[in-house]
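**Student:** I'd like to go over a predicted model; first the sequence, then the structure.
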Amino acid sequence: MTTTEPNLEKLDFKRVLPILVIVLVDLMGLSIIIPLLPLFAARFGATPFVIGVLQAAYPVMQFVGAPILGRLSDRFGRKPILLVSQLGTFAGFVLLGFANTLGLLFLSRVIDGLSGANMSTAQAAIADSTTEKTRTQGLGLIGAAFGVGFILGPIIAYVVLAASGGDYRAVALTAACFSLASILLTTFWFHETHHDDSPEASSLKSPLSLSAMWQALHRPVIGFLLLIMFFYQIAFGGYEQLFSLFTLTRLGMDATDTAGLFALAGVFIVIVQGVLIGRWSRKRGDRWLVILGVSTLAIGLIGTSLTPRVPVPWYSQPKVLESLAGQSSMQVSTQTIKVALPPEAAKGWFGIAWLLIASFPAALGGGVLHPAVNSLITKSADKSEVGGMLGISAGFYSAANAIAPLFYGSLFQWLGAPVPFFAGGIILTILWILAPRAVPKSVA
């Protein structure tokens with residue numbers, strides 16, 4: 001007992017390293033296109049609401065596919081399900097690269113979404129490879145890999161845009177290359193973590209259905225944690241998915257500028273999830289992390305909504321329109337673009353400075369909440385259902401991601417850019433009030 005007990009207190013980095021690298025490469029591909037997708041859609045005449053519908057296409061399909069794939073990973077193992085998911089992502093990126101209509105943009109997101117269980121399957125593999133004491137740190141490292149991807153992805157997007165003369169297709173095909181790399185890594189490096197005799201092994205007890213998700217909502221603690229996941233992601237998901245549209249219409253920032261902001265946020269998320277979250281979890285517990293995350297995210301979103309409409313000093317409306325219209329065979333008329341750009345008068349630093357200050361608490365909350373909530377869910381669930389519960393969590397997460405851009409896009413188009421971000425902050429403020437009472441200290 002004296003030789004094995006200390007090992008339970010430390011994370012086995014050699015065991016989780018392949019998972020983290022695969023997630024990193026996967027997320028680099030995803031983060032390359034995130035700042036561009038709303039602008040890509042605007043090129044084909046999409047309004048803020050239609051852009052919200054496009055952003056919702058992926059999570060709607062993921063809501064259907066991810067919980068089922070999560071349960072299948074309990075039966076057939078993590079590796080084959082991870083490969084299926086990655087192949088769908090690769091196909092979606094390739095189609096995105098050759099899309100020349102808004103309809104093909106939608107199809108690319110549908111294909112990617114139907115097979116989108118990359119993250120939930122990786123989380124299940126982490127749960128297989130950790131103990132209760134190290135699981136939050138392991139899930140936090142997945143978040144750190146996510147953050148590193150958000151640093152490198154936008155930087156790569158910036159380089160590709162500069163080298164290709166602003167060609168969005170080149171960025172999408174670069175994302176496909178990273179997706180192909182993740183497939184090769186999974187095939188040749190990743191070893192199956194799910195075994196029938198493992199402590200964290202789980203079996204497929206019944207096909208996942210809406211009733212199973214409904215039953216999970218009625219379970220003590222787990223039910224409220226799933227609600228936190230759902231409503232937090234409605235608020236934060238819309239923030240992420242329409243952030244580039246917000247900076248475009250509020251501050252006149254193009255894809256290159258927004259890529260820089262995503263990279264800065266990624267640096268901060270890496271520090272939080274890779275260095276701080278493990279220490280905070282051990283000292284304060286996951287319950288404290290959840291309350292911290294909800295409160296800081298609420299402050300960040302409300303602060304973002306109050307960003308003054310002062311374009312950045314280098315803003316030029318004709319150049320931004322030219323960037324949106326594209327080049328060569330992909331070029332469209334600037335008159336088809338239906339997004340309102342700010343006037344060039346009163347340019348300055350005040351708007352971008354305000355947004356940067358508001359982005360720090362938003363990034364802190366977004367970085368802390370997801371791993372902390374999922375860690376509490378795994379600690380509150382039976383060991384035989386860890387993969388299934390993470391799949392259900394991913395299902396609620398995807399459902400929120402489907403609703404969020406529709407919610408944000410509607411408010412954005414008809415009430416103005418600041419309104420959806422303020423509404424998201426109010427939702428999180430309500431969660432901030434309820435969380436201390438709904439999540440008992442004994443679960444932390």
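**Tutor:** Now that the structure is in, tell me what you want to look at. Numbering: from 1, shown residues only.
**Student:** just the helices in the stretch 51-200 of the chain please.
**Tutor:** In the stretch 51-200 of the chain, the helices defined using DSSP state H, counting those that start in this stretch lie at 78-97, 102-114, 118-128, 135-164, 168-188.
**Student:** and these, which is most packed in?
**Tutor:** helix 118-128 (a mean of 29; mean count of other Cβ atoms under 10 Å). C-beta: built from backbone N, CA, C; applies to glycine.
**Student:** could you say what helices and strands that helix packs with?
**Tutor:** When contacts are defined as 3 or more Cβ pairs under 8 Å, 6 or more residues apart in numbering; DSSP states H and E, helix 118-128 sits against helix 13-33, helix 48-76, helix 78-97, helix 135-164, helix 386-415.
**Student:** let's have those in CSV, adding distance to Leu276 and mean pLDDT.
**Tutor:** Shown next, in CSV, are these (distance: least, Cβ to Cβ, whole Å; pLDDT from 0 to 100):
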stretch, distance to Leu276, mean pLDDT
helix 13-33, 17, 78
helix 48-76, 28, 81
helix 78-97, 28, 87
helix 135-164, 9, 76
helix 386-415, 23, 84
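**Student:** how about JSON lines for these, with distance to Arg437 added?
**Tutor:** Formatted as JSON lines, those follow (distance: least, Cβ to Cβ, whole Å):
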{"stretch": "helix 13-33", "distance to Arg437": "34"}
{"stretch": "helix 48-76", "distance to Arg437": "28"}
{"stretch": "helix 78-97", "distance to Arg437": "36"}
{"stretch": "helix 135-164", "distance to Arg437": "22"}
{"stretch": "helix 386-415", "distance to Arg437": "21"}
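**Student:** right, and those - which one's nearest Ser323?
**Tutor:** Of all these, helix 135-164 sits nearest to Ser323, with 8.9 Å by Cβ to Cβ.
**Student:** could you give the angle of that closest one to helix 118-128?
**Tutor:** Interaxial angle, helix 135-164 versus helix 118-128 (axes from the mean of the first three to the mean of the last three Cα atoms, to 10 degrees): 150 degrees.
**Student:** from the middle of its chain, how far away would helix 135-164 be?
**Tutor:** Centre-to-centre, helix 135-164 and its host chain are 11 Å apart (Cα atoms, centre = their mean, to the nearest Å).
**Student:** just the angle for it relative to helix 168-188, thanks.
**Tutor:** Using the same axes, to 10 degrees: helix 135-164 against helix 168-188 is 140 degrees.
**Student:** packing partners of helix 135-164?
**Tutor:** In this structure, helix 135-164 packs against helix 13-33, helix 118-128, helix 168-188, helix 255-271, helix 277-284, helix 350-380, with contacts taken as 3+ Cβ pairs under 8 Å, 6+ apart.
**Student:** one step back: between the helices of the stretch 51-200 of the chain, which one is nearest to Ser359?
**Tutor:** Minimum separation from Ser359 across the helices of the stretch 51-200 of the chain (Cβ to Cβ) falls at helix 135-164, 12.5 Å.
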